[in-house]
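Peer 1: Predicted model, plus sequence, below.
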Amino acid sequence: MDKESYGLSDKQLAELDTVFASDSFSGKRVVISGGGSGIGKAAAWLLARLGAKVLICGRSYEKLMAAIKPMQEMGLDVGCKTLDIRNPEKVQTFFDEIMDELGGLDVLINNAGGQFPQPAIDFSPNGWRAVIDNNLNGTWFMMQAAAQRWRDAEKPGNIINIVTVIDRGMPDIAHTCAARAGVIYTSKTVAVEWAQYGIRVNCIAPGIIASEGMRVYPQEAVDEFPRSNPMQRFGSSWDIAQACAYLGGDASQFMTGEVMTLDGGGRLWGELWPYKKPDYFKPS
Ligand SMILES: CCCCC/C=C/C(=O)SCCNC(=O)CCNC(=O)[C@H](O)C(C)(C)COP(=O)(O)OP(=O)(O)OC[C@H]1O[C@@H](n2cnc3c(N)ncnc32)[C@H](O)[C@@H]1OP(=O)(O)O
Ligand SMILES: NC(=O)C1=CN([C@@H]2O[C@H](COP(=O)(O)OP(=O)(O)OC[C@H]3O[C@@H](n4cnc5c(N)ncnc54)[C@H](OP(=O)(O)O)[C@@H]3O)[C@@H](O)[C@H]2O)C=CC1
């Protein structure tokens, strides 16, 4: 399938079925980084449809505005703000502003991130740094800024970090595996440190998801990705959005420090990163 067609349309996002009650997020305020596309946009649609007041952020104002327009036209309570999560000062200002504007915060979904595929042996120092800075440092700045405000206001909080499946590593994206491992183990650690403040921290590890994010990979790679799990297919951004609704809601209130994997079983069976495997790894 042509990777340009990957991702859910606004019509689909407005109509897809969900198992969650239509008012299950009413009164909740949710921030989603990277909510202008893909998984983050699907989560914004779902949680807003379930009654949440949602604010999405990302680096491109045009992308954010294009994402929220159809949601607002449906009467959903969704806004946006530009933010580069890699800038800790801007992250602090962002949280000061949104705490004011939303009147508090209940759920933070750290979804912004990405990487480029390259054999690790050829990473430039800056290429390595860019991915670590985005996926590990940026996520951390967001987590810490939210937690500080929840602690100081003596309010509970809930953090969901979108990572990736790193159990067996992943050839060609070693930088992201390093960053995501950092996020997962930071999350497990602060889930313990922050339980005293009523703050929960969990991660979601998606396998291959047919989102707009796939457009950054060559078509030949995307054609091969279904071989990365025993279901031999892509998952949907809606699958991940529904996992966000579970972790962001009351049904998961006794869960913290966990990684929820949605990868069609790819952690257990499948060709990790099947694209351009060197001959060395092919069956003889
Ligand atoms: C089985 C399959 C599982 C798949 C699992 C995961 C799937 C997904 O995550 S899908 C979502 C994908 N979405 C994205 O990846 C978002 C797009 N990616 C990015 O925005 C970039 O990759 C970024 C994270 C590195 C952005 O950083 P930025 O600082 O904007 O990057 P710069 O252009 O300034 O470059 C910094 C540095 O990185 C080198 N570089 C960037 N792209 C590549 C590339 N394709 N190949 C090699 N090197 C790259 C760039 O050259 C710079 O280094 P220097 O040249 O040494 O300065
Ligand atoms: N699709 C997949 O198969 C998988 C995806 N993931 C992860 O899930 C998350 C969502 O991916 P997906 O929706 O597929 O891809 P997208 O590329 O569509 O989403 C990434 C979003 O993050 C935003 N973003 C990136 N860097 C920054 C930054 N520094 N500051 C603020 N926003 C930023 C982008 O917006 P902008 O560029 O405008 O800032 C974009 O909206 C990513 O972290 C991705 O790595 C993990 C496993 C598998």
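Peer 2: Good, I have the coordinates. Ligands and ions are numbered 1, 2, ... in the order given.
Peer 1: residue contacts, whatever residue of the stretch 1-150 of the chain ends up closest to ligand 2?
Peer 2: The shortest separation between the stretch 1-150 of the chain and ligand 2 is 2.1 Å, found at G38 (distances taken as C-beta to the nearest ligand atom). The C-beta positions use only the backbone N, C-alpha and C, and glycine is treated the same way. Counting by C-beta atoms under 8 Å, 6 or more residues apart in numbering, G38 makes contact with G7, I209, S211, E212, G213, S237.
Peer 1: pLDDT averaged over the longest strand seen in the chain - what is it?
Peer 2: Determined from DSSP state E, the single longest strand within the chain is strand 199-206. What strand 199-206 shows for mean pLDDT is 98.
Peer 1: do stretch 39-59 as well
Peer 2: In this model, stretch 39-59 has a mean pLDDT of 98.
Peer 1: The longest strand of the chain pairs with which strands, and in what direction?
Peer 2: Strand 199-206 has the following sheet partners, assigned by DSSP bridges: strand 157-162 (parallel), strand 259-262 (parallel).
Peer 1: To what extent is Q196 buried, counted in neighbours?
Peer 2: 8 (other C-beta atoms under 10 Å).
Peer 1: helix, strand or coil for it?
Peer 2: Here Q196 is helix, with the state taken from DSSP: H, G, I helix; E, B strand; the rest coil.
Peer 1: Show the pLDDT at it.
Peer 2: At Q196, the model reports a pLDDT of 98.
Peer 1: End to end on stretch 212-224, go ahead and measure it.
Peer 2: In stretch 212-224, first residue to last residue: 17 Å (C-alpha to C-alpha, to the nearest Å).
Peer 1: Okay, buried residues for it please.
Peer 2: E212, G213, M214, Y217, A221, V222, E224 (16 or more other C-beta atoms under 10 Å).
Peer 1: what helix or strand does Q144 sit in?
Peer 2: helix 139-153 (DSSP states H and E).
Peer 1: Check which residues of that helix are buried.
Peer 2: Neighbour counts over helix 139-153 (16+ other C-beta under 10 Å) mark T139, W140, F141, M142, M143, Q144, A145, A146, A147, R149, W150 as buried.
Peer 1: got the angle between that helix and strand 157-162?
Peer 2: Inter-element angle recorded for helix 139-153 and strand 157-162: 170 degrees (by axes from the mean of the first three to the mean of the last three C-alpha atoms, to 10 degrees).
Peer 1: Mind checking if helix 139-153 is in reach of ligand 2?
Peer 2: No. Using C-beta under 6 Å from any ligand atom, helix 139-153 never reaches ligand 2; the gap is at least 8.6 Å.
Peer 1: State the mean pLDDT of that helix.
Peer 2: 98.
Peer 1: now that helix, how far from the chain's geometric center?
Peer 2: 17 Å (C-alpha atoms, centre = their mean, to the nearest Å).
Peer 1: What ranges does the stretch 101-250 of the chain have for its helices?
Peer 2: Ranges of helices in the stretch 101-250 of the chain, per DSSP state H, counting those that start in this stretch, are 125-132, 139-153, 174-193, 219-224, 237-248.
Peer 1: what packs against the shortest one?
Peer 2: Taking 3 or more C-beta pairs under 8 Å, 6 or more residues apart in numbering; DSSP states H and E as the contact definition, helix 219-224 has no neighbouring helices or strands.
Peer 1: contacting residues around it?
Peer 2: Contact with helix 219-224 is made by D2, K3, Y6, P117, M214, E271, P274, Y275, K276, as judged by C-beta under 8 Å, 6+ apart.
Peer 1: Poorly predicted segments of the stretch 101-250 of the chain, please.
Peer 2: Within the stretch 101-250 of the chain, no stretch has pLDDT under 70.
Peer 1: So which residues on the chain come close to ligand 1?
Peer 2: Going by C-beta under 6 Å from any ligand atom, the residues of the chain near ligand 1 are 114-116, 118, 124, 126-127, 130-131, 134, 164, 208, 213-214, 216, 225, 228, 273.
Peer 1: In contact with G207, which residues are there?
Peer 2: Counting by C-beta under 8 Å, 6+ apart, G207 has contacts V165, S228, N229, G235, T261, L262, D263, G264, G266, R267.
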